[in-house]
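In: Quick check, what structure comes out for this input:
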Amino acid sequence: QVQLAESGGGLVQAGASLRLSCTNSRRTASNNGVGWFRQTPEKEREFVAAIAWNGGSTLYADSVKGRFTISRDRAKSTVFLQMDNLKVEDTATYYCAAARSSYGSSSIGAYQYWGQGTQVTVSS
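Out: This is a model prediction of the structure:
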């Protein structure tokens, strides 16, 4: 029903930018909220950002506010995460997920479908 695929990860230096993409290849769930989460081997998966089905509302973790911007192109079934001024502590595997409802959430339990993740590594 929903098949999510992340792309855009890579290795960058601190202060650089990356733009992650999350595409739903089945072009379904366009009325669902979408979130980005990240995880490292040492930490549990944590919330990064979320966006409502129509892009009308967004949520951000305090650690990324002012640096990351989430947006979506419904026509292309794609959600973006623009990451600016990256820090070493942003290094993680980033996952996108489709919510059960029309709105995004910071709660992992609110999400039903997950992508496989894309690695972001920020060097000092």
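In: Find the centremost residue of this structure, please.
Out: With the centre of the chain defined as its mean C-alpha position, the nearest residue by CA atoms, centre = their mean is Trp36, 2.5 Å away.
In: strand partners of the helix or strand hosting that one, parallel vs antiparallel please.
Out: For Trp36, the host element (DSSP states H and E) is strand 34-39. Applying DSSP bridges, strand 34-39 is found paired with strand 46-51 (antiparallel), strand 92-99 (antiparallel).
In: Give me the buried stretch members for whichever helix or strand comes after the last one, please.
Out: Going back to what we said before, that points to strand 92-99. As assigned by DSSP H and E, the chain's next helix or strand after strand 92-99 is strand 111-114. If you call a residue buried by 16 or more other CB atoms under 10 Å, then strand 111-114 has these buried ones: Tyr111, Tyr113, Trp114. C-beta here means a position set from N, CA and C on the backbone, and glycine is covered the same way.
In: Least confident of the residues you listed?
Out: For those, the model is least confident at Tyr113; its pLDDT is 93.
In: how much space between that one and Ser105?
Out: 14 Å (CB to CB, to the nearest Å).
In: quick one: which of the strands paired with strand 34-39 is nearest Ser30?
Out: Across those, Ser30 has its closest neighbour in strand 92-99 (9.7 Å, CB to CB).
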